[in-house]
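Visitor: when you get a sec, could you give me coordinates for this:
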Amino acid sequence: MKNHFKKISKKTTWCEKDFKCLSEKGCSDCKVTSSINGEIHFVKCKDEKCSYKMSYADGWICTCPIRKELYNKHGL
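Guide: Numbers count the residues shown, from 1 in each chain. The predicted structure follows:
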């Protein structure tokens with residue numbers, strides 16, 4: 001799993017959360033509730049200030065490439 005994290009982190013060079021999702025504890029701030037074609041990820045997010053969170057209808061979607069990859073590949 002750690003090797004996969006290294007590959008994911010190469011896709012982006014900056015993260016406002018200091019790559020918290022790639023830590024052993026993982027990211028508990030945002031939970032993916034559903035996904036459409038592995039591209040659009042609906043989330044329940046505790047972090048009100050996250051710049052990756054975008055309003056969509058009456059919910060939120062996540063645009064973070066790392067968060068999306070973790071969900072698509074590992075269901076996390």
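
Visitor: select the longest helix from this structure.
Guide: helix 65-74 (DSSP state H).

Visitor: distance of the most centrally placed residue in the chain relative to Asp18?
Guide: For the chain, the residue nearest the mean C-alpha position is Arg67 (1.9 Å; Cα atoms, centre = their mean). Distance of Arg67 to Asp18, computed by Cβ to Cβ, to the nearest Å: 14 Å. Glycine gets a C-beta too; all of them are placed from N, C-alpha and C.

Visitor: Gly59 too?
Guide: 26 Å.

Visitor: so for the two, which sits in the more crowded spot?
Guide: Gly59 (13 against 9; other Cβ atoms under 10 Å).

Visitor: quick check, Trp14 in a helix?
Guide: No. If the criterion is DSSP: H, G, I helix; E, B strand; the rest coil, then Trp14 is coil and not within a helix.

Visitor: got any ranges where this structure has weak pLDDT?
Guide: 1-13, 24-28 (pLDDT under 70).

Visitor: go again with 90.
Guide: Along the chain, segments meeting pLDDT under 90 span 1-31, 45-53, 63-76.

Visitor: which stretches in it count as helices?
Guide: Using DSSP H, helices in the chain cover 2-9, 65-74.

Visitor: residues in contact with Phe42?
Guide: 32-35, 56, 59-62 (Cβ atoms under 8 Å, 6 or more residues apart in numbering).
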